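1. Give me a model of this one.
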Amino acid sequence: MLSNSIFDDERSLALMRKAVELGKQCVLVNMPGAKYGPARDKPFPENSFNPSWTPHCPELKPAFAEICVTWELEYPHACCQELLRRAASHLERLLGKAVCNVDAATRSLAAAEEASLRAAMRVQPEGVELEWDWESKVFDAFLSHKITDAKDIVLTWYNALSALGYFPFVDRLNLDAVENIPTYVEQTATFVIAVTSNLFVSYWCGVELCKACDLHAEGRLSILLVPVQGESWEEPSTGRRLDFPTPEIVTANFGKWFPDLSETTLARVTQLYAEGSYRDSRMVRHTLMHYKSFERLLIARIGLPIKRQVALAARLAAGGASAAVMLAAVELLVAEANAYGEALGTHTYFEVEEEAATSATGHKDLHDATVRVAETVGDVRLTSYSAEEFAAMVARLRQKSQVFGRAGTTPGLMVEQWMVLQVRSPPPPLPHPRSSPAARPRFLAASCAPFLLPPSTPNTLHPQQLSTLPRCCSRRGCPCATPSCCAS
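-> Numbers count the residues shown, from 1 in each chain. All right, here's what the predicted structure looks like:
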């Protein structure tokens, strides 16, 4: 178990030296929050191979030959599964036989993770009672980020959400004019913040944040804080590196940006980033080590897409409460299974079916409805699954498909995604807030491309022009003189 002080503890070093001397296989587990080095700012100890580190222990290099298991409290099932596979593989190699049923344990852990995700869907942020008006919402998630910090990471989230039937907002693909940012935030169900080191030098990210905090306090949208792995912030008073920004860091530029900002809005922003349960109830930590688990947790916290929420509301209004609860649990699995199937090149498609019991009077009893999932190829219905059977099948699909795991770590995939930009067309008009889900425009990557604006609209920017925008304050309404402030 690697922790901050392991190289300061003689007993731990002696045990590792003895294990190396005896030729033992070492499995390293890096404990949550552990930092190393003189400044305590490194994610992994380099004492075994870096002569500049103290103490330098080259004799322990064999113990550090294998990549460690990074333990993350937010993803315990994925961590247990990784440790189990690692240890079982070594034991089978050394003993010549299997010592445990890894497949059965993996299924058990997958079932436990599913249960935790269902619980995550029901989590309510502390201090706010959310009550969405679904008919006024257009975007399932507004992905707020500093483009120079997190453009590839957020594009991965955008593509994953789109593949699962969501309608996310990303400025490069959906924004027609920066003046419309507050409107788009208001039309959003969940405001997702990719928290990175330079986020708070962006004026427009500040505009988004203030608007979102006011709407959140009114219960009109949800907010999720997603600190991106590897990012850190310097505490102004001490110079200490932090793994999450303080309210002082977040609001450092608010005085010059928003001189007329109300004390109420400032207090809401401060409360969101202040250490405590209010902040923690809105936190989803980003990780690359267990990326698929992170992605599923993020989607669970975002909840069902707007179009599904509207359908569930209609179901509840019709009296089918029990069926609505089951539908909410199955819908996300169906979307995930169809995305995996497309990635794997299969021709099957899954869809939800409801089988309502018929009462003695011949009427459908929505309270006694059964939710099943049908598997089809074209117009041919192959079979159907119960909710429990389908959950087990999706768990097996996850093991086969690595598409989302690769998407989280492969920069080349981003290049491939942007190479499909061929169509040249102006940005669409603002969608009407009360338009039906079917009528809402879908801004997919393939339908967006760079184009030149007419001279009469110098202050409106097509999303694709953001990448070529000079690093200057050329956007209307930005009072900041910092060259990089608008590069978001």
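2. Give me the three-state assignment for residue 191.
-> Three-state assignment for residue 191 (DSSP: H, G, I helix; E, B strand; the rest coil): strand.
3. beta partners for it?
-> As for beta bridges, residue 191 partners with residue 142, residue 223 under DSSP bridges.
4. Quick check: it vs residue 199, distance?
-> Look at residue 191 and residue 199: by CB to CB, to the nearest Å, they are 13 Å apart. The way it works is simple: take the backbone N, C-alpha and C, and place the C-beta from them, glycine included.
5. again, but for residue 270
-> On the measure of CB to CB, residue 270 and residue 199 end up 16 Å apart.
6. again, but for residue 258
-> 16 Å.
7. Give me the more crowded residue out of those two.
-> Counted by other CB atoms under 10 Å, residue 258 and residue 199 do not tie: residue 199 has more neighbours, with 25 against 17.
8. tally of neighbours for the closest residue in space to that one that isn't next to it in sequence?
-> Computed as CB to CB, 6 or more residues apart in numbering, the closest residue to residue 199 that is not its neighbour in sequence is residue 146, at 4.6 Å. As a burial measure, residue 146 scores 23 neighbours (other CB under 10 Å).
9. from what I can see residue 146 touches residue 193, true?
-> No: judged on CB atoms under 8 Å, residue 146 makes no contact with residue 193 at a distance of 10.2 Å.
10. Name the residues contacting each of those two.
-> residue 199 (CB atoms under 8 Å, 6 or more residues apart in numbering).
11. got the buried residues for the one helix or strand residue 79 maps to?
-> If you go by DSSP states H and E, residue 79 is part of helix 76-95. Within helix 76-95, the residues that count as buried by 16 or more other CB atoms under 10 Å are 76-82, 84, 86-88, 90.
12. List of residues touching the particular helix or strand that has residue 292 in it?
-> Under the criterion of DSSP H and E, residue 292 resides in helix 291-302. The contact list for helix 291-302 (CB under 8 Å, 6+ apart) reads 74-75, 77-78, 113, 117-118, 120-121, 123, 140-141, 157, 160-161, 164, 166, 189-190, 192, 222, 224, 226, 284-287, 332, 336, 398, 404-405, 407-409.
13. neighbours of the residue lying closest to residue 334 once chain neighbours are set aside, just the number please.
-> Of all residues not flanking residue 334 in the chain, residue 350 sits nearest, at 5.1 Å (CB to CB, 6+ apart). For residue 350, the tally of surrounding residues (other CB under 10 Å) stands at 22.
14. repeat for residue 42
-> 14.
15. who touches it in this structure?
-> Per CB under 8 Å, 6+ apart, neighbours of residue 42: 35-36.
16. measure the spatially closest residue to residue 53 that is not a sequence neighbour to residue 214 for me?
-> Nearest residue to residue 53, sequence neighbours excluded (CB to CB, 6+ apart): residue 47, at 4.7 Å. As judged by CB to CB, residue 47 and residue 214 stand 49 Å apart.
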